[in-house]
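J.: Kindly return the folded structure for what I paste below:
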Amino acid sequence: MAENMEEDSLPLREDLTCPVCQGIFRDPVLLPCSHSFCRECEQSNWKFSKNCPLCRESYEQNRVVGNLALKNTSESFLRQLNLLTVQNQPNAELCNLHLKPLDLYCEKDEEPVCVDCVSQHSMHRLWSVRDGTAICKKELGFKVQIFEKKVSSYKKLTKKISNTVEYIKHQAGETEQKIKAEFERLHQWLYQEETKRLEALSHDEKDKIDYMHRVIEMTNSDIATITEYIETLKKEMGNEDLLLLKNFQKVKRETEWIEPEQGFPYDALINVGKHVGSLGYKIWKDMKAHVKYYPVVLDPATASPWLELSPDLTSMKESPERLVVPDNRERFDPIVFVMGAEGYKTGKYKWDVTVGDNPKWVLGVCRGDVARKKKFTVSPSRGVWAIGLSKGVYTAHSDERADLNVTHVLEKIRIKLNMDKGEVSFWDGGREKHLITFTHNFDTRIFPIFGPGLHSTPMVLAPGKIAVHTS
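T.: Below is the predicted model:
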């Protein structure tokens, strides 16, 4: 019975079909030439041609009127046809608008559509349900791969951070020994100050480790969330085709990853210089004969793995083998440099460095954001103001290299930094002779930088003079 009704409706379907979109009329309009078209089809045609699409007769758009009778007939026909479709396919997924089977997939809108939706997607690429399912599965599969790689990367990061926690404990242990030794040298009556310093170190260690544990927890949380996303995506990919297509946009939104990329934390290590740098002077100014003051101490967190620093952080030389240290963001590697522990934004500073008979070295100051993980040319354009010795020639590392007029061997270099004037000057520390001055408008924190080269003879920071004034 239903088949007979469908066959009987074929002539009527032809009469109710728009000549332009080949679909049943929607809100049809009547042209002066008596031809009818969907209103949307007529408006689209008017943008390009002022003629009837069938007879090519010209017309004025203000003479176009709605065809109410044809509209009512078309809507009645669609209701009848949709009723037949529902009766023939009671379990089929149907279009909410046209009550027809969802036989197509729109790639642009990412949703299944029926044949009557085609006119609404005329400029879109349409696929069969099977092909559309393959496209969606492929995209979700890519997402799974990305998340699986991210999980692997985060797991490696977690292991790296866990190893760093152990190194922080090792740092704390070594620093504790240095602090105890210094306090022992200053005798028992400094015990109270020693206790305070140890507590500061313990607090620093706890803060650093607690912070690293929080990073691990956040990373593990990210891993759990991403793993959940993967399971959701895999589960969705196993659903029936149409169900997958209907849920596709929702699944994409729910599994969108907007969290920032996890990385090795900055400033993860203990600032050892804060605890042991010029420690005796800070503790007891009056004991000049028992303490040494160093204007600059080295920052081991920045030291190349091929540099060995002295326990008091005042000298450096080549390490016989690569040291096992964390690959933190502050560390120079592969270039062989180390920075001072303290940076400067204002004021005047001076320090002496004994280079001895080392055949190759670089000394100067640098920006705090100087490159750490790649080789670079030492120059002001790279954020470094320095002089150096190489192949027997003393050189000023300006943007255009210039040889220094030196007639004798330099064993001690004095560096003077005036942040307020924007000057850094280099002197022969043994003869008090000026070598060169760089000028620059320093707009960021500036740090001492040392490149001792790979030599067994240490480069040594000279102690400064101590003066105590009372009133």
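J.: Heading C-terminal from the lengthiest helix in the chain, find the next helix or strand.
T.: Secondary structure of the chain per DSSP state H: the longest helix is helix 129-185. With elements assigned by DSSP states H and E, the helix or strand that comes after helix 129-185 is helix 191-237.
J.: From the contact counts, what lies against whichever helix or strand comes after that next one?
T.: Counting by DSSP H and E, the element after helix 191-237 in chain order, helix or strand, is helix 241-254. In terms of contacts (3 or more CB pairs under 8 Å, 6 or more residues apart in numbering; DSSP states H and E), helix 241-254 is packed against strand 111-113, helix 129-185, helix 191-237. C-beta here means a position set from N, CA and C on the backbone, and glycine is covered the same way.
J.: what's the most buried one of those?
T.: strand 111-113 (a mean of 21; mean count of other CB atoms under 10 Å).
J.: List the neighbouring strands of it plus their orientation.
T.: Here strand 111-113 has these sheet partners by DSSP bridges: strand 104-106 (antiparallel).
J.: so how far is the partner strand from its chain's centroid?
T.: 37 Å (CA atoms, centre = their mean, to the nearest Å).
J.: now whichever strand or helix holds Asn72: mean pLDDT?
T.: Applying DSSP H and E as the criterion places Asn72 in helix 68-88. Averaging pLDDT along helix 68-88 gives 74.
J.: which regions of the stretch 101-250 of the chain lie under the pLDDT threshold?
T.: 188-190 (pLDDT under 70).
J.: List the contacts of the closest residue to Cys136 other than its chain neighbours.
T.: Excluding the flanking residues, the one nearest Cys136 by CB to CB, 6 or more residues apart in numbering is Phe248, at 5.2 Å. Residues near Phe248 by CB atoms under 8 Å, 6 or more residues apart in numbering: 110-111, 136, 140.
J.: Relative to Thr227, how far out is Phe248?
T.: As judged by CB to CB, to the nearest Å, Phe248 and Thr227 stand 21 Å apart.
J.: any idea how far Phe25 lies from Thr17?
T.: Relative to Thr17, Phe25 is positioned 7 Å away (CB to CB).
J.: So which of the two has more stuff around it?
T.: A side-by-side neighbour count of Phe25 and Thr17, using other CB atoms under 10 Å, places Phe25 first with 24 against 14.
J.: Would you mind confirming that that one is in contact with Ser76?
T.: No - the criterion here is CB atoms under 8 Å, and Phe25 misses it with Ser76 at 11.4 Å.
J.: okay, and the common contacts of the two?
T.: Counting by CB under 8 Å, 6+ apart, nothing touches both Phe25 and Ser76.
J.: what about the stretch 251-400 of the chain, any weak spots by pLDDT?
T.: For the stretch 251-400 of the chain, applying pLDDT under 70 flags the ranges 280-281, 283-286, 289.
J.: ok, which stretches of it are helices?
T.: In the stretch 251-400 of the chain, the segments counted as helices under DSSP state H, counting those that start in this stretch are 272-276, 279-283.
J.: Save the ones you listed as CSV, and put in distance to Thr377 and mean neighbour count too.
T.: As requested, the helices of the stretch 251-400 of the chain are arranged in CSV below (distance: least, CB to CB, whole Å; neighbours: other CB atoms under 10 Å):
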stretch, distance to Thr377, mean neighbour count
helix 272-276, 28, 20
helix 279-283, 37, 18
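J.: For those, give me JSON lines that also has distance to Tyr154.
T.: Shown next, in JSON lines, are those (distance: least, CB to CB, whole Å):
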{"stretch": "helix 272-276", "distance to Tyr154": "29"}
{"stretch": "helix 279-283", "distance to Tyr154": "39"}
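J.: Tell me which of those lies nearest to Val115.
T.: helix 272-276 (73.9 Å; CB to CB).
J.: which residues sit against that closest one?
T.: 171, 175, 178-179, 182, 197, 200-201, 204, 297-301, 312-313, 341-342.
J.: Restricting to C-alpha, output it in PDB.
T.: Taking Å, rounded to 0.1, in the frame of the first residue of the first chain, the C-alpha atoms of helix 272-276 are listed here in PDB:
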ATOM      1  CA  VAL A 272      73.600  27.800  46.600                       C
ATOM      2  CA  GLY A 273      75.300  31.200  46.300                       C
ATOM      3  CA  LYS A 274      72.600  32.700  48.500                       C
ATOM      4  CA  HIS A 275      73.500  30.300  51.300                       C
ATOM      5  CA  VAL A 276      77.300  30.200  51.000                       C
END
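J.: tell me how far it is from the chain's mean position?
T.: Using CA atoms, centre = their mean, the offset of helix 272-276 from its chain centre is 31 Å.
J.: where's Glu240 relative to Val251, distance?
T.: From Glu240 over to Val251 the distance is 14 Å, taken as CB to CB.
J.: More neighbours: which of those two?
T.: Val251 (20 against 10).
J.: and the closest residue in space to Leu454 that isn't next to it in sequence, how many neighbours does it have?
T.: Nearest residue to Leu454, sequence neighbours excluded (CB to CB, 6+ apart): Glu318, at 4.4 Å. By the measure other CB under 10 Å, the count of residues near Glu318 is 18.
J.: Which two of the contacts of Phe248 have the greatest separation?
T.: Glu111 and Leu140 (15.3 Å).
J.: Let me know the distance separating the most centrally placed residue in the chain from Asp222.
T.: The chain has Glu261 as the residue nearest its centroid, 5.4 Å off, counting by CA atoms, centre = their mean. Glu261 sits at a distance of 10 Å from Asp222 (criterion: CB to CB).
J.: Then Ala134?
T.: Distance of Ala134 to Asp222, given as CB to CB: 31 Å.
J.: residues contacting Phe376?
T.: Contacts of Phe376 by CB under 8 Å, 6+ apart are 335, 382.
J.: try 10 Å
T.: Neighbouring residues of Phe376 by CB atoms under 10 Å, 6 or more residues apart in numbering: 335, 370, 382-384.
J.: Could I get those residues in JSON lines, plus columns for distance to Leu307 and neighbour count?
T.: Shown next, in JSON lines, are the contacts of Phe376 (distance: CB to CB, whole Å; neighbours: other CB atoms under 10 Å):
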{"residue": "Ile335", "distance to Leu307": "11", "neighbour count": "17"}
{"residue": "Val370", "distance to Leu307": "16", "neighbour count": "19"}
{"residue": "Arg382", "distance to Leu307": "20", "neighbour count": "15"}
{"residue": "Gly383", "distance to Leu307": "20", "neighbour count": "19"}
{"residue": "Val384", "distance to Leu307": "17", "neighbour count": "21"}
